[in-house]
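[1] Fold the following for me, if possible:
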Amino acid sequence: MPSHYVKAGVAGVILRGNQIVMIRRKYGTNKGKWCIPCGNVEVGEDVRTAVRREIKEETGLDVEVGDVVDVLSTHHSPERSVVGVWFLVKEKGGNLVAGDDAAEVQLFPLEEPPTDMAFEADRKIIERLKTTSL
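    Numbers count the residues shown, from 1 in each chain. Alright, predicted model coming up:
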């Protein structure tokens, strides 16, 4: 891979009333911090398939992918950027349980998200959700 690159990422916004499902990251530079369930799109994979896969791996939930909440560019380092697509997703089944690279999964009120968040972009998404009816 080139030394400077942009990846495609997806995230699934799971709401239960005024609460949002978030995971505590198990690995990497953001280990121990909270985020909206997310991951990278694999080569040849559709973005909606990717978000369903990531949600299942990280939360144990089966979801139906809905509308796009937002698309943001994030710059994790001078060499690496991600274009992320946050989708609103609706639970269809499964059990809410941490899996894959999630150490923990928890519901947080939109008005009181965790202070130790992994990504500033997720904070922007939560602010948007507080002021937008979806």
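
[2] so how many other residues sit close to Glu64?
    For Glu64, the neighbour count with other Cβ atoms under 10 Å is 12. All C-beta spots, glycine's among them, are computed from the backbone N, C-alpha and C.

[3] What's opposite it in the beta bridge?
    Lys90 (DSSP bridges).

[4] So it sits against Gly93, correct?
    No - using Cβ atoms under 8 Å, Glu64 is not in contact with Gly93, being 10.0 Å away.

[5] buried ones in stretch 90-100?
    Glu91, Ala98, Asp100 (16 or more other Cβ atoms under 10 Å).

[6] Who are the contact partners of the first one?
    The contact partners of Glu91, by Cβ atoms under 8 Å, 6 or more residues apart in numbering, come to Ile14, Leu61, Asp62, Val63.

[7] buried subset of the residues you listed?
    Buried subset of the contacts of Glu91 (neighbour count, 16+ other Cβ under 10 Å): Ile14, Leu61, Val63.

[8] and the last one, how far is that from Ser73?
    In this structure, Val63 and Ser73 are 25 Å apart, going by Cβ to Cβ, to the nearest Å.
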